[in-house]
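Colleague: Predicted model, plus sequence, below.
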Amino acid sequence: MAIFYRKLPKFEYVLPKTIDDALSVLAKNKGKARLLAGGTDLIPQLKSREVEAPAFVVDLKGIPGLDKISYDKKAGLKIGALATISAISQSAPIKEHYPSLAQAALTMASPQVRNRGTFVGNICSAVPSADSVPALLALGASLTIKSLKGEHTVALNKFFKGPRKTVLKSGELVTEILVPNPAASTRQVYLKLSPRHAMDLAVVGVAAVAMCENGVCKDLKIGLGAVAPTPVRAPAAEAMLKGKKVTKELIEEAAKNAITQCSPIDDHRASQEYRCDMVYVMTRRALTQVLS
């Protein structure tokens, strides 16, 4: 389907220097302001008139410190709202302790887009195929949300309400992603199925994070993308393996069960039936990698 881009609509551009300044603009202009981090989603949407033009675009890039990525053995990983996808893919602590996040980052878009786009922006866009989300779900991530009234934390698995819908209220913004420190023996993987690897949206995305001892699965989390109205976990499939001796047969059963956690759509990229088949195939591959 052809997309015809136009010039950007008229809006007032705001470049705040602090988070509170940005929040003040949001609070004073409820429903009339949009946040801009990397702009890789918002700018094309505005040009194609996919979204209504806001009165104000609030660019967060003038706020120092929001691009920070930090890791601590106790606190875990913190990814700021302006940390780019490229920075995440290249971060030494992420590659060492959270390899599934680095893998997910490298599957996203083109190098040019990765140099500008952010994980937080990808999450807040709330598209079902968001590549950043399945791995973060499997890692038990949460989000720090701030407003002029204060700050609170929301588990990522409770953040999405539907396609392009989140629990974010008017006047709120996500300042960082929090990811717990995984156990030393944890294994992780993110697998993406798409026609051109990074250049296309995921047809199916599967993340698995597991810990095994003496062939017994002690813990397992599975994140699925592009197969439901929002990215989802597969708790029933996880429960089939937890506390049990890992076998090919059990992996096979769990991969088949993962299909029941899905409600994919038919679209120009893939049919519902194909997506369900690929959930089974990709989950089986992911589980084999992290549990072998």
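Modeller: Okay, I see it. Residues are numbered from 1 along each chain as shown.

Colleague: quick one: pLDDT of the closest residue to Pro9 other than its chain neighbours?
Modeller: Spatially, and ignoring its direct neighbours in sequence, Pro9 is nearest to Ala53 (3.6 Å; C-beta to C-beta, 6 or more residues apart in numbering). C-beta coordinates here come from the backbone N, C-alpha and C atoms, glycine included. According to the prediction, Ala53 has pLDDT 94.

Colleague: for the one 10 residues further on, same thing?
Modeller: We note a pLDDT of 98 for Ile63 in this prediction.

Colleague: Who are the contact partners of the residue most central in space within the chain?
Modeller: Centrality entry for the chain: nearest residue to the mean C-alpha point is Val133, 2.3 Å, by C-alpha atoms, centre = their mean. By C-beta atoms under 8 Å, 6 or more residues apart in numbering, the residues touching Val133 are Asn122, Ile123, Leu156, Gly223, Gly225, Pro231.

Colleague: now with 6 Å?
Modeller: Contacts for Val133 (C-beta atoms under 6 Å, 6 or more residues apart in numbering) come out as Gly225, Pro231.

Colleague: what's the burial count for Ala75?
Modeller: Other residues lying near Ala75 total 12 when counted by other C-beta atoms under 10 Å.

Colleague: Distance of it relative to Leu139?
Modeller: Ala75 sits 14 Å away from Leu139, going by C-beta to C-beta, to the nearest Å.

Colleague: hmm, back to that, what about the residue nearest to the centre of the chain, which SS state?
Modeller: Classification of Val133 using DSSP: H, G, I helix; E, B strand; the rest coil returns helix.

Colleague: From Ser263, how far out is it?
Modeller: 16 Å.

Colleague: May I have the phi/psi pair for the residue nearest to Pro9?
Modeller: Here is the backbone geometry of Ala53 (degrees, to the nearest 10): phi -70, psi 130.

Colleague: Number of residues surrounding it?
Modeller: Applying other C-beta under 10 Å, we find 14 residues neighbouring Ala53.

Colleague: again, but for the one 3 residues further on
Modeller: Residues contacting Phe56 under the criterion other C-beta under 10 Å number 16.

Colleague: For it, name its beta-bridge partners.
Modeller: Following DSSP bridges, Phe56 is listed with bridge partners Glu12, Ala33.

Colleague: check contacts around it.
Modeller: Going by C-beta under 6 Å, 6+ apart, Phe56 touches Glu12, Val14, Asn29, Ala33.

Colleague: Could you turn the buried ones of those residues into a ChimeraX selection?
Modeller: In ChimeraX syntax, the buried subset of those is picked out as below (16 or more other C-beta atoms under 10 Å):
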select :14,29,33
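
Colleague: With distance to Ala81 and pLDDT added, can I get the contacts of Phe56 in a markdown table?
Modeller: Below are those laid out as a markdown table (distance: C-beta to C-beta, whole Å; pLDDT from 0 to 100):
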| residue | distance to Ala81 | pLDDT |
| --- | --- | --- |
| Glu12 | 21 | 97 |
| Val14 | 16 | 98 |
| Asn29 | 19 | 96 |
| Ala33 | 16 | 97 |
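
Colleague: Can you give me the buried ones in the helix or strand containing His152?
Modeller: Using DSSP states H and E, the element containing His152 is strand 150-155. Of all the residues in strand 150-155, those buried under the rule 16+ other C-beta under 10 Å are Val154.

Colleague: Model confidence at the residue of the chain positioned farthest from its centre, what's the number?
Modeller: For the chain, the largest distance from the centre (C-alpha atoms, centre = their mean) belongs to Asn214, which lies 32.0 Å off. Predicted confidence (pLDDT) at Asn214: the value is 95.

Colleague: what's the spacing between it and Arg164?
Modeller: Asn214 is 45 Å from Arg164, where distance means C-beta to C-beta.

Colleague: any idea how far the residue farthest from the centre of the chain is from Leu250?
Modeller: For Asn214, the distance to Leu250 - C-beta to C-beta - is 15 Å.

Colleague: gap between the nearest residue to Ser129 once chain neighbours are set aside and Ala55?
Modeller: Leaving aside its chain neighbours, Ser129 sits nearest to Ala226 (3.9 Å; criterion: C-beta to C-beta, 6+ apart). Per C-beta to C-beta, Ala226 is found 33 Å from Ala55.

Colleague: which one of these two has more residues nearby?
Modeller: Ala226 (30 against 12).

Colleague: returning to what we had before: residues contacting the residue nearest to Ser129?
Modeller: Counting by C-beta under 6 Å, 6+ apart, Ala226 makes contact with Pro128, Ser129, Ala202, Val204, Gly205.
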